[in-house]
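1. here are the coordinates; sequence isn't available:
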DNA sequence: GATGAATGAGCATTCATTCAT
DNA sequence: CATGAATGAATGCTCATTCAT
């Protein structure tokens, strides 16, 4: 990689990480392109050499962070040591909820912006084959692709939607109180497709 | 009611309905207070006599429309003629999905803005006792208040979250294809709490 | 005085005292006619039955409060017990500075708004004959009217101008530090006309 | 200096001079940022590239114009040819009064806005050492810094306050009539500190 | 490629004043 | 006399985007 190329990579990285920091702390609306460029140490015009506009960088960030979150759950959670299907799912879920609770800014950022389209593209582009992984976990060796995807979609949206309010606003209850209900619902869904 | 009072009612109604129309067609962000006032046929300043700001009218609309949607589902769906608990729930759900599909603007408006706080306040202020109605439908005569609320919260968020993308963007599939999966999930959740 | 007349007096008084309170606490610019009317317990339109506009009530208040301040100084200070001319003046001055320091809002209100025109009209309308009083104090029995007025004007403006910054902002020094310099200057001026 | 830099200088100058013209003719309150930008021939947003807000440009102008006025008085008045201390002071004063009378807008602008803080900062930043100059004029070689400053403060505020009404409104008398009284007062103050 | 000066449309909000009741 | 609903002009400020250098 040439020096120039390296420099470009560095600029893009700087813009991405700065944007993420600002998005998750100040919120997307309150973060201006000026802010991002300035704090990333580049000129305002330079931003537009790397990203089409604010929504371009936003979508790229969402996909990246979502993928990161799933990667963490698959690599760091102890779902392998669980026996039952539902228990494995819960283990993964637990890791994800942990991540979200540890970084509410991340949750806020991902949640209301993560469309299935963006997500599935991110997951598809990843070096990890998530679908196979989930298929294996759910022990649905012979289930059709669509059925697997629908189940994933349902569970992911359920968790994402309910936890947004629960974690960020402790409304209607806090996460600790809500977990039993959420886990029961997830278990029920997972069992129902067996 | 005096002439003046009548006139005020009319103005407020005009502002509310205009705001709703603009919010659901142009989106909330793209709708300015100027737009609303102008199209409602009143001066810009008049808007501020009736609502504190854009978010005031927005929240009032969300609560109002959400309540309306549930009222419709309870009054117009044929859930009474169903026998099983799950079938009753599905009947109500069907009505709500119908409403949403008929008016995607409404869905778009309510979905990403309806916090549980706003919703429960709206439902609480209503002349209908929704909690009792749902308790009866779910045949959970002796379940504690919290358990009932958590179940409602879970189901509502699940439906709301998944249908947003499904109805508005036919992604990952369209509503017709997704319904079986959604209904199975809802059935599973409802059965799990029995 | 009829009941109606009484009521009107009461309304005007209420408006005046409310305006003064708001002017001295929030500042003139930040105080709106709405504020005054609302807090005075009358309708907005009623304000305009008593005062032409915000500047009308402002000028009336300034004149009134300035007269009050001088009345206090002449009636409550112990200048009578002083022997020398300059000492008498200083005694009066001391009382005025005390009043200002006790009520910075009053100082802020009067100072930058008190034009000589408003003041002299106020003083002229008063039941007290201030010019004679000052003539006596300064022991200038035979000085021409103009000379007396010019001296008063000079001293009043000097005190008013210097003390504004000194009392309200302790800049360039605080009142305690500045007093010796101010008194020396006033003494010098008073002596110079003898 | 590059072309760009030159252009920026020009824009800032244009904004400053336009603002001064509008402030002194229409008054500060009645002058909007839009007015300034428009008449300076730049876009509204450009204004904010050079000044934080209206008060920023206002303070900068006040300091600049005040410094300019004193510079003129020291450089253009013939105080050098005067022998007595008081006569020197009077000569300088005469120059300043002349400037004010020639440009009532300037007087109006500076007078009620010039706080000692702004002034002393302006004077401190100047290339001229005003304090030394005044010390020399007043022949107070060994007076402490504070005493010198207090005397300056007193005289400046006295002149500024009295002349505002006298020059702008010929009230209570016009400048010609007031000068003898003012000069006597200033003489008295100057002599008293010797 | 990189810069950053310049743009100007756009928006929320306030407020003095009027006038029909 | 009193009310208070209605007006709409006015203003400060932001920000995505462009383009000459």
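-> Nice, thanks for sending it over. It should be emphasised that the depicted structure is a prediction, and the values quoted were computed from it without experimental measurement.
2. ok now do the closest residue to residue A:76 other than its chain neighbours, which residues does it touch?
-> Leaving aside its chain neighbours, residue A:76 sits nearest to residue A:95 (6.2 Å; criterion: C-beta to C-beta, 6 or more residues apart in numbering or on different chains). For glycine as for every other residue, the C-beta is placed from the backbone atoms N, C-alpha and C. Taking C-beta atoms under 8 Å, 6 or more residues apart in numbering or on different chains as the criterion, residue A:95 is in contact with A:72-73, A:76-77.
3. now what about the lowest-mean-pLDDT helix or strand in chain A, what contacts it?
-> The helix or strand of chain A with the poorest confidence is helix A:116-125; it has a mean of 79 (mean pLDDT, DSSP states H and E). Helix A:116-125 has contacts (C-beta under 8 Å, 6+ apart) with A:59, A:62-64, A:66-67, A:70, A:130-131, A:153, A:156-157, B:165, B:169, B:171-172.
4. Now with 6 Å, please.
-> A:59, A:62-63, A:66-67, A:130, B:165, B:171-172 (C-beta atoms under 6 Å, 6 or more residues apart in numbering or on different chains).
5. Please apply the same query to stretch A:40-47.
-> A:11, A:14-15, A:18, A:33-34, A:37.
6. if we go to 8 Å?
-> Contacts of stretch A:40-47 (C-beta under 8 Å, 6+ apart): A:11, A:14-15, A:17-19, A:33-34, A:36-38.
7. Between the residues you listed, which sits nearest DNA strand F?
-> residue A:33 (3.5 Å; C-beta to the nearest atom of the strand).
8. Name the nearest residue to residue A:161, ignoring sequence neighbours.
-> residue B:161 (3.5 Å).
9. thinking that neighbour is in contact with residue A:158, fair?
-> Yes. Counting by C-beta atoms under 8 Å, residue B:161 touches residue A:158, with 6.8 Å between them.
10. before we move on, back to that, from the contacts of stretch A:40-47, list just the buried residues.
-> Buried members of those, counted by 16 or more other C-beta atoms under 10 Å in any protein chain shown: A:11, A:14-15, A:18-19, A:33, A:36-37.
11. how's chain A carved up into domains?
-> Taking automatic domain parsing as the reference, chain A has its domains at A:1-51, A:53-192.
12. and the nearest residue to residue A:78 once chain neighbours are set aside, how many neighbours?
-> Using C-beta to C-beta, 6+ apart and skipping the chain neighbours, the partner closest in space to residue A:78 is residue A:91 (6.0 Å). Neighbour count for residue A:91, taken as other C-beta atoms under 10 Å in any protein chain shown: 17.
13. returning to what we had before: need the winner for burial among the domains of chain A.
-> Across these, the average number of neighbours (mean count of other C-beta atoms under 10 Å in any protein chain shown) peaks for domain A:53-192, which reaches a mean of 17.
14. Can that domain be said to contact DNA strand E?
-> No. Using C-beta under 7 Å from any atom of the strand, domain A:53-192 never reaches DNA strand E; the gap is at least 14.0 Å.
15. how about that domain against DNA strand F, any contact?
-> Yes. Using C-beta under 7 Å from any atom of the strand, domain A:53-192 reaches DNA strand F at A:53-54.
16. can you tell me how far residue A:78 sits from residue A:130?
-> 18 Å (C-beta to C-beta, to the nearest Å).
17. got the contact list for the residue in chain A that chain D sits nearest to?
-> Closest approach between chain A and chain D, counting by C-beta to the nearest C-beta: residue A:34, at 11.6 Å. Shown in contact with residue A:34 (C-beta under 8 Å, 6+ apart): residue A:44.
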